[in-house]
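[1] Okay, predicted coordinates and the sequence, questions at the end:
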Amino acid sequence: MTEDLSKMEPLLAISNGGISVIHETVAEKLERKQLSPSLIRDINEGCPAAWVAGTYAVPQLIKEEPDTAASRGSLYHKVMEIAFELPAEERTRERIDSIIPEVLESDEFSFFKDNVQALEWLEDAIDGYYEMGGRPRRVQVAKYQRKDDEEPKLGLEVFVKGKLANASRDTLGYIDRLAVDQINEGGVIIEDWKTGAKAKEWNPKTKSTDGLAEARQQVIYSMLLSQTGVNVTGARLIYPVARKMVPIPVDDEKFNKRVLEDVEKADESLTNMIETNLFEYKPSILCSWCPLNKICPVPNNASFEKARLARQKQPSVEDLAPGFDFV
Ligand code: SF4
């Protein structure tokens with residue numbers, strides 16, 4: 001967050017047609033932007049105006065509460081990352097509990113120390129995973145050797161990056177865990193934690209895009225990992241809070257083709273938006289959860305209670321004003 005907002009130069013211009021970049025530093029960052037599964041989702045299925053403002057202006061204007069769904073998810077990820085560095089037989093439920101104080105000592109997560117609700121949530125998420133069939137002590141973490149590593153390391157928080165289809169930009173991301181495929185010899189399964197309350201499963205037979213971004217993310221990871229010579233035989237999303245495992249096929253030709261088209265589409269759209277310097281509005285039911293809601297000229301202000309309450313919590317015009325030129 002900017003220390004003195006009165007001295008802040010506007011970063012973006014907001015007009016009836018969309019949002020434009022007016023500050024050089026934002027323009028430079030956009031030029032260097034690479035693709036990621038979340039960016040592909042935000043550009044293809046989300047609102048580009050909300051994305052550009054939410055990425056480059058809102059974080060400088062609004063101090064976010066530290067306890068968010070995302071920061072709770074990161075806390076769970078960190079505990080599990082340490083847990084899966086342990087030999088399989090040591091991953092008991094009690095041993096996981098002993099990791100939590102260690103994680104709460106770190107600067108990144110110390111703000112959770114006295115947050116009883118968040119720590120109860122964490123315990124419930126860990127319980128959830130243990131209730132899903134006792135997998136923790138059966139998982140064999142696969143080893144993975146990056147280009148610059150001298151020797152293979154445990155496949156935890158694996159960074160992947162590469163070109164997909166005809167996209168002009170690289171696509172990158174972090175895979176939570178690589179597990180040894182215990183059925184197909186030599187195979188590796190991509191595993192990703194999702195700490196939302198509801199499991200998302202994409203159904204290609206419906207028009208809904210619910211779960212599409214999550215499934216596409218795993219296929220993108222699979223393609224990028226395969227480029228480094230790994231034999232990826234499957235992927236799964238693990239929802240510990242919802243207590244559900246969602247398998248994602250990585251060899252579905254039709255879906256893989258669609259994923260590559262989605263990557264190219266996002267790449268082209270981003271290039272076009274940068275060239276025209278216009279990030280258009282795409283109103284939806286999610287407008288009530290958008291931090292631009294009170295300055296956006298075209299919000300979809302749904303009238304149901306949950307949406308109304310969400311809108312009340314969005315930043316005021318005065319909070320956002322230092323970062324925007326209103327044209
Ligand atoms: S309020 Fe809706 S249309 Fe406006 S920027 Fe946010 S998501 Fe986009």
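    On my side now, so go ahead. Note that the coordinates shown come from a computational prediction; the quantities given were computed from them, not determined experimentally.
[2] which regions of this protein sit below the pLDDT cut-off?
    1-3, 134 (pLDDT under 70).
[3] At the geometric centre of it, which residue sits there?
    residue 38 (5.3 Å; C-alpha atoms, centre = their mean).
[4] quick one: which helix or strand includes that one?
    helix 37-44 (DSSP states H and E).
[5] picking that back up, list the contacts for the residue nearest to the centre of the chain?
    By C-beta atoms under 8 Å, 6 or more residues apart in numbering, residue 38 lies in contact with 213, 217. Every C-beta, even on glycine, is put in place using the N, C-alpha and C of the backbone.
[6] Against the ligand, how distant is it?
    15 Å (C-beta to the nearest ligand atom, to the nearest Å).
[7] What segments of the protein are helices?
    For the chain, the helices defined by DSSP state H occupy 24-32, 37-44, 48-56, 58-61, 69-83, 93-104, 116-130, 212-226, 253-276, 305-312, 317-320.
[8] quick one, the fifth one and helix 93-104 angle?
    This means helix 69-83. 120 degrees (axes from the mean of the first three to the mean of the last three C-alpha atoms, to 10 degrees).
[9] which strands and helices sit next to helix 69-83?
    Helix 69-83 is packed against helix 93-104, helix 116-130, strand 170-180, strand 188-193, with contacts defined by 3 or more C-beta pairs under 8 Å, 6 or more residues apart in numbering; DSSP states H and E.
[10] if you set the cut-off to 10 Å instead, what comes out?
    If contacts are counted by 3 or more C-beta pairs under 10 Å, 6 or more residues apart in numbering; DSSP states H and E, helix 69-83 sits against helix 93-104, helix 116-130, strand 156-163, strand 170-180, strand 188-193.
[11] and residue 101, how many residues sit next to it?
    9 (other C-beta atoms under 10 Å).
[12] isn't it right up against residue 113?
    Yes: counting by C-beta atoms under 10 Å, residue 101 does reach residue 113; the two are 8.8 Å apart.
[13] can you list the residues of this structure near the ligand?
    47, 49-50, 281-283, 286-287, 290, 292-293, 296, 298-299 (C-beta under 6 Å from any ligand atom).
[14] filter these to the buried ones?
    For those, a burial check counting by 16 or more other C-beta atoms under 10 Å picks out 47, 49-50, 281-283, 286-287, 290, 292-293, 296, 299.
[15] Max pairwise distance over those residues: which two?
    282 and 293 (13.8 Å; C-beta to C-beta).
[16] Overlap of the contact sets of those two?
    Taking C-beta atoms under 10 Å, 6 or more residues apart in numbering as the contact rule, residue 282 and residue 293 both touch 50, 300.
[17] picking up where we left off before, save the helices of the chain as a markdown table, and put in distance to residue 146 too.
    Formatted as a markdown table, the helices of the chain follow (distance: least, C-beta to C-beta, whole Å):
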| stretch | distance to residue 146 |
| --- | --- |
| helix 24-32 | 22 |
| helix 37-44 | 20 |
| helix 48-56 | 27 |
| helix 58-61 | 30 |
| helix 69-83 | 17 |
| helix 93-104 | 25 |
| helix 116-130 | 27 |
| helix 212-226 | 11 |
| helix 253-276 | 22 |
| helix 305-312 | 41 |
| helix 317-320 | 41 |
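[18] Compare the ones you listed and report which one is nearest to residue 141.
    helix 69-83 (10.3 Å).
[19] Tell me what angle the closest one forms with helix 116-130.
    Using the same axes, to 10 degrees: helix 69-83 against helix 116-130 is 50 degrees.
[20] can you pull the buried residues of helix 69-83?
    71, 72, 73, 75, 76, 77, 78, 79, 80, 81, 83.
[21] What distance do you get for the fourth one to residue 231?
    As judged by C-beta to C-beta, to the nearest Å, residue 75 and residue 231 stand 32 Å apart.
[22] With the second one instead?
    Between residue 72 and residue 231 the distance, using C-beta to C-beta, works out to 34 Å.
[23] same thing with the first one?
    Per C-beta to C-beta, residue 71 is found 35 Å from residue 231.
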